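Asker: Compute the structure for the input listed below.
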Amino acid sequence: PRSSIGLIMPPAADLGRALCVITGASRGFGRAVALDLCRLVQPGSALVLVARSGADLRAVQAELTESEAGRAGLKVEVVAADVGKLESLENIVRTSRDVFNDEMEKIILINNAASLGDVSKYVKGFTDMAEVDAYLSLNVSSAMCLTARLLQAFPAHAGLRRCVINVSSLCALQPFRSWGLYCTGKAARDMMFKVLAEEEPELRVLSYSPGPLDTQMQVEARTKTADPSIKKTFSNMFAQGQLLTCEASSAKLMKLLLEDKFTSGEHVDVFDV
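Answerer: Model prediction:
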């Protein structure tokens, strides 16, 4: 963004008073994002953390509550839920409404929850429609419906900025053999959020690819992938120390949010930040 006198505006020092909703927040990248957002929002903000594991969520909640931001009044609520289920989406929206207050100037939704799917077989092996439907429900439908519900719950108005982040992947852009479900889900999500950006010009929309992260999903990738060359690639990345930490990738996402220069709807890779 440029000022009226043509100077490039510096990045914001923080994200203001915000309501931040993060799915898949109990571990890995989602947990790292929650910890970073905690430090970048102003007092009076709230975080709503969502994941299937209640115990892991409560551990993150305790960590944030005991942090400097928590002691300064940051609210941290948890919703132990499967985002692929309708009642879970209702619980997330209800909790978000409960912690929102009129002093908040920003809403940030991080659509991070995702699964790898069965990478032990190729596309020709997916003959069970119920299996494919279940994958797409968790990885595509839930992100669309949660986003839609939150946008309806918090409609656009003067003084409220809304930002939706889709945690994407290189797999949204490139095919990986034996990763048919994952690539399909990520490509569908990218396009969904491109459409959203076109439909809602005041909304800030970003598909962020966090890169090859050292997570449990990576363990699945290098142990269960059917295609030998893809499997070897991931195994080599791990062996050669080429995986990124969740903290390093989250820091790049925070940089994008603070600078706020991305084109709404675009796909940005961690290595381009």
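Asker: can you pull the contacts of the residue nearest the centre of the chain?
Answerer: The centroid of the chain falls nearest to Asn112 when counting by Cα atoms, centre = their mean (2.9 Å). Going by Cβ atoms under 8 Å, 6 or more residues apart in numbering, Asn112 touches Ile22, Thr23, Gly24, Ala25, Phe29, Gly30, Val33, Ile165, Val167. For glycine as for every other residue, the C-beta is placed from the backbone atoms N, C-alpha and C.
Asker: Output the contacting helices and strands for the worst-scoring helix or strand of the chain on mean pLDDT.
Answerer: Across the helices and strands of the chain, mean confidence by mean pLDDT, DSSP states H and E is lowest for helix 68-71: a mean of 78. Judged by 3 or more Cβ pairs under 8 Å, 6 or more residues apart in numbering; DSSP states H and E, helix 68-71 is in contact with helix 28-40.
Asker: So for the helix it packs on, what gets flagged as buried?
Answerer: For helix 28-40, the neighbour count (16 or more other Cβ atoms under 10 Å) marks Gly28, Phe29, Gly30, Arg31, Ala32, Val33, Ala34, Leu35, Asp36, Leu37, Cys38, Leu40 as buried.
Asker: Strand partners (parallel or antiparallel) of the helix or strand that that helix is followed by?
Answerer: Following helix 28-40 in sequence order, the next helix or strand is strand 46-51 (DSSP states H and E). Strands that pair with strand 46-51, judged by DSSP bridges, come out as strand 18-23 (parallel), strand 75-80 (parallel).
Asker: Measure how the helix or strand just after strand 46-51 sits relative to helix 28-40, angle-wise.
Answerer: Sequence-wise, the next helix or strand downstream of strand 46-51 (DSSP H and E) is helix 54-65. Interaxial angle, helix 54-65 versus helix 28-40 (axes from the mean of the first three to the mean of the last three Cα atoms, to 10 degrees): 20 degrees.
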